[in-house]
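J.: Next input, structure requested:
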Amino acid sequence: MAKIEVVLSSTPVDPNDIPGTVTPITNVTVDCIGTKDDGTQFTEQATSDGVTGLISLSGLGWTSSDGGGWSVMYQEVASKTVLGVQHHTVISTEGAQVLFGWYGDSTTYAQPALHAGSPASIVRDYLITQNVVASNQSIYGNGNNNSLTEVTDYDSTVELTGISVLNYDGIGGDLFICDNASDSFKKSFTAIDKVSIGFASKDYGVARYRVDAGAWTTIDGNVGDPSDLVEAVITLPGLGDYTIEISHDSGGPIYFDYVKGYNTEDDVIMLPMGARGFTTSQFATSGTTGWKYLAGQNKSPVSVEMDALIINLGINDIIQAVPEGTYTANMVLILDSLALNYPDLDLILVIPNDIDIGLGYLPSAITTLASTYSATLLDIRSTPNFADFTTADNAGLMADLIHPNAAGYASIYTALGPAIKTALGV
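T.: Numbering: from 1, shown residues only. Below is the predicted model:
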């Protein structure tokens, strides 16, 4: 969610004086902080008008009827500066930023062994064509059950030395393990100014990290509940290209799940948290150590900051003949946990592509869940050539009996791009 700071101004700001091309930011919910005339602070959540981008800040004691208290939010394309008009100026602290999670099985993660581009990357590229600054550089788990080739095949900017994985225990499939100081996880980022690293906690060793082969910083993750997460946040000297390295400092093995790098002025940050082969049961209840999902304990996902989440889960349940009641119960665990931990989350549920054996109960179950949880519903079967498996296969858009190929994913998520953009409010 964007955060804006309101600064009182004695004279209005004329939008015509703003250099560059500007457009209203509409239907965006923001946390507003500011100072009233009497010097007291206020914090207020408000949503911009769907047409004009106007925001009413009642915390200032103004109303729209008296001609004051409204701000038009304008976004200057070059600098991402958000400005307001009339009685005060609005200054953006993070831009109209959306942290967008991708949560599901291989049809969400899109492992490179089957195709060139993941859905998150395809949607990122679509948003960029719509003048939305979007990035997809973060790594959440290795995405593939107990295998490291998924990371190195997918991302040429990653260098692994001596790293192993802890099967099924993290967001994105598996946690990464460093056993000794010679183990190293390096990831190079382009045009970022901030990095976050998520370490699993309790009874593990002391980790260390550094930027561009500089001095090491240590972090001890032994803070309590093993399903908790300790996050190291690195504010970089400025916007630029950086290499982040993670290693072992002392004690037992260290476990970490994600390395998130981004520009704080980006509009949309993709968080790819899919895990190949997972069923809803694994998302809802798996894990014995490390950072666990455990939706039943309101820890699904644990401590991941996000504003929106797309969920595509169910194909593996159908393949493994999971009963509808079990599938629905697992989804309810996950969605109830999300509702508790992310009350303002923009939720998107996806009816997946048809597969050779059919989708069974999934379309009706997911439609009902979307209605119950007020989620945006996307149906892949509504996209060109994906009405059913045979049609998609005959069109040359399937890699196998389950997964679309690169052309198939590009077709699906380019078609769904406008609906996703609307759901994100960007």
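J.: mind showing which ranges of the stretch 1-150 of the chain have poor pLDDT?
T.: By pLDDT under 70, the weakly predicted segments of the stretch 1-150 of the chain are 1-96, 109-116, 142-147, 149-150.
J.: Am I right that Asp356 is in a strand?
T.: No: counting by DSSP: H, G, I helix; E, B strand; the rest coil, Asp356 falls outside a strand, being coil.
J.: Can you get me a residue count around it?
T.: Each residue near Asp356 was counted by other Cβ atoms under 10 Å, and the total is 12. C-beta: built from backbone N, CA, C; applies to glycine.
J.: check contacts around Tyr373.
T.: Applying Cβ atoms under 8 Å, 6 or more residues apart in numbering to Tyr373 gives the contacts Leu335, Ala339, Leu347, Leu349.
J.: Mind picking the two most distant members of those residues?
T.: Farthest pair in the contacts of Tyr373 (Cβ to Cβ) is Ala339 and Leu349. Separation: 13.0 Å.
J.: Please identify which of those two sits among more neighbours.
T.: Set Ala339 next to Leu349 and count neighbours by other Cβ under 10 Å: Leu349 wins out with 23 against 14.
J.: The more buried one against Asp379, yeah?
T.: No: in this structure, Leu349 is not within contact of Asp379 by Cβ atoms under 8 Å, at 9.8 Å.
J.: what's the closest of the contacts of Tyr373 to Ala399?
T.: Closest approach between the contacts of Tyr373 and Ala399, by Cβ to Cβ: Leu349, at 23.7 Å.
J.: wait, which of the contacts of Tyr373 is closest to Ser281?
T.: Leu335 (14.7 Å).
J.: host element of the closest one?
T.: helix 324-341 (DSSP states H and E).
J.: buried residues in that helix?
T.: For helix 324-341, burial by neighbour count (16 or more other Cβ atoms under 10 Å) applies to Tyr327, Thr328, Asn330, Met331, Val332, Leu333, Ile334, Leu335, Ser337, Leu338, Asn341.
J.: Can you list the helices and strands that it packs against?
T.: helix 280-285, helix 362-372 (3 or more Cβ pairs under 8 Å, 6 or more residues apart in numbering; DSSP states H and E).
J.: rerun at 6 Å
T.: Helix 324-341 sits against helix 280-285, with contacts defined as 3 or more Cβ pairs under 6 Å, 6 or more residues apart in numbering; DSSP states H and E.
J.: Following the helix it packs on in sequence, what is the next regular element?
T.: strand 308-312.
J.: Please export the C-alpha coordinates of the helix or strand that that next one is followed by as PDB.
T.: Next along the chain after strand 308-312, taking DSSP H and E as the criterion, comes helix 315-319. Provided in PDB are the C-alpha atoms of helix 315-319 (Å, rounded to 0.1, in the frame of the first residue of the first chain):
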ATOM      1  CA  ILE A 315      -4.400 -28.800 -10.400                       C
ATOM      2  CA  ASN A 316      -2.200 -31.000  -8.300                       C
ATOM      3  CA  ASP A 317      -5.200 -31.800  -6.000                       C
ATOM      4  CA  ILE A 318      -7.100 -33.000  -9.100                       C
ATOM      5  CA  ILE A 319      -4.100 -35.100 -10.300                       C
END
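J.: Not counting its own residues, what contacts helix 315-319?
T.: Helix 315-319 is contacted from outside by Asp105, Thr107, Thr279, Thr280, Tyr327, Pro352, Gly360, using Cβ atoms under 6 Å, 6 or more residues apart in numbering.
J.: So Thr107 is in contact with Ile351, correct?
T.: No: using Cβ atoms under 6 Å, Thr107 is not in contact with Ile351, being 11.0 Å away.
J.: And the strands in the stretch 101-250 of the chain, which stretches?
T.: Here the stretch 101-250 of the chain has its strands, by DSSP state E, counting those that start in this stretch, at 134-135, 139-140, 158-161, 164-167, 174-178, 184-200, 206-211, 217-220, 229-250.
J.: who does the third one touch, helix- and strand-wise?
T.: In terms of contacts (3+ Cβ pairs under 6 Å, 6+ apart), strand 158-161 is packed against strand 184-200.
J.: Each with direction, which strands does the strand it packs on pair with?
T.: Paired neighbours of strand 184-200 in the sheet (DSSP bridges): strand 158-161 (antiparallel), strand 229-250 (antiparallel), strand 254-262 (antiparallel).
J.: any idea how far Thr243 is from the nearest residue to Ser188 once chain neighbours are set aside?
T.: Distance criterion Cβ to Cβ, 6 or more residues apart in numbering; nearest residue to Ser188, sequence neighbours excluded, is Thr157 at 4.1 Å. Shown here: Thr157 relative to Thr243, a distance of 8 Å by Cβ to Cβ, to the nearest Å.
J.: Lowest-confidence one in the contacts of helix 315-319?
T.: Lowest pLDDT among those: Thr107, with 75.
J.: can you tell me which residues contact that residue?
T.: Remark: with contacts taken as Cβ under 6 Å, 6+ apart, Thr107 is in contact with Asn312, Ile315, Pro352.
J.: returning to what we had before: which of the buried residues of helix 324-341 sits closest to Asn385?
T.: The closest of these to Asn385 turns out to be Tyr327 (Cβ to Cβ; 26.9 Å).
J.: residues contacting the closest one?
T.: Tyr327 is in contact with Thr280, Asp317, counting by Cβ under 6 Å, 6+ apart.
J.: number of nearby residues for the residue nearest to Ala181 when sequence neighbours are not counted?
T.: Of all residues not flanking Ala181 in the chain, His248 sits nearest, at 5.4 Å (Cβ to Cβ, 6+ apart). Per other Cβ under 10 Å, the neighbour tally for His248 reads 22.
J.: Distance check, Asp105 against Thr391.
T.: Relative to Thr391, and taking Cβ to Cβ, Asp105 is found at 22 Å.
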